[in-house]
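**Student:** Sequence first, predicted coordinates after that:
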Amino acid sequence: MEKVISTNRKARHDYHIEENYEAGIVLTGTEVKSVRNARVNLKDSYARIDNGELFLYNLHISPYEQGNRFNHDPLRVRKLLMRKMEISRLHGKIKEKGYALIPLKLYLVRGLVKIELGLARGKKLYDKRRDIAERDSKREMERAFRDKQRAELKD
């Protein structure tokens, strides 16, 4: 069973997500406690491959309130855990123009903190506008359908 702690809703607005990957994340004890309390912000974070290892940048995990001197730097670089073959395959794809690794959600699986990464390509402004227009038209259609059903029930 998986318990979702945080999602990056802005990622789906700013990027076309082409593939999803699951990775473990190396955390200290107080970081895990803060994550369990959902004191995490994925907003501006991203992943990069350095020397064949996967690292996560700008993930904000707030300091644990009872952590005193064992607390951590909220924005420190964190190592992600994936198989070497997956990392090398990702490295090949990221070298292509316009691709990035963006965290989509942070969750717990059987007590372990996992992160879902998306292989993403940035959206242009007109893509964002088209998505907003589609969402608005879909909402209008659903509203009209619901109003029509209510009118039929009254008759």
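**Tutor:** Sure thing, it's come through.

**Student:** Show residues contacting stretch 56-68.
**Tutor:** By Cβ atoms under 8 Å, 6 or more residues apart in numbering, the residues outside stretch 56-68 that reach it are 25, 27, 30-31, 33-35, 37, 39-48, 71-72, 74-75, 77-80, 103, 115. Every residue, glycine included, has its C-beta placed from N, CA and C.

**Student:** Please indicate which of those are buried?
**Tutor:** Using 16 or more other Cβ atoms under 10 Å as the burial test, these include 25, 27, 30-31, 33-35, 39-42, 45-47, 71-72, 78, 80, 103, 115 as buried.

**Student:** and those, which of them are in helices?
**Tutor:** Of the positions in the buried ones among the contacts of stretch 56-68, 30-31, 33-35 sit in helices, assigned by DSSP state H.

**Student:** tell me the mean pLDDT for the helix or strand where residue 128 lies?
**Tutor:** Residue 128 is part of helix 125-154 when elements are defined by DSSP states H and E. Regarding helix 125-154, the rounded mean pLDDT is 84.

**Student:** mind giving me the domain split of this protein?
**Tutor:** The chain is divided into the following domains under automatic domain parsing: 2-123, 124-155.

**Student:** now the last one: how far from the chain's centre is it?
**Tutor:** In other words, domain 124-155. 27 Å (Cα atoms, centre = their mean, to the nearest Å).

**Student:** cool, and the first one?
**Tutor:** In terms of Cα atoms, centre = their mean, the centre of domain 2-123 is found 7 Å from the chain centre.

**Student:** Just the endpoints, please. Distance across it?
**Tutor:** End-to-end distance for domain 2-123, by Cα to Cα, to the nearest Å: 30 Å.

**Student:** ok, the residue minimising distance to the centre of the chain - contacts?
**Tutor:** Using Cα atoms, centre = their mean, the residue of the chain that lies closest to the mean C-alpha position is residue 104, 1.5 Å off. When contacts are counted by Cβ under 8 Å, 6+ apart, residue 104 touches 7-8, 11-12, 17, 20, 42, 116-118.

**Student:** That concludes my questions; thank you for your assistance.
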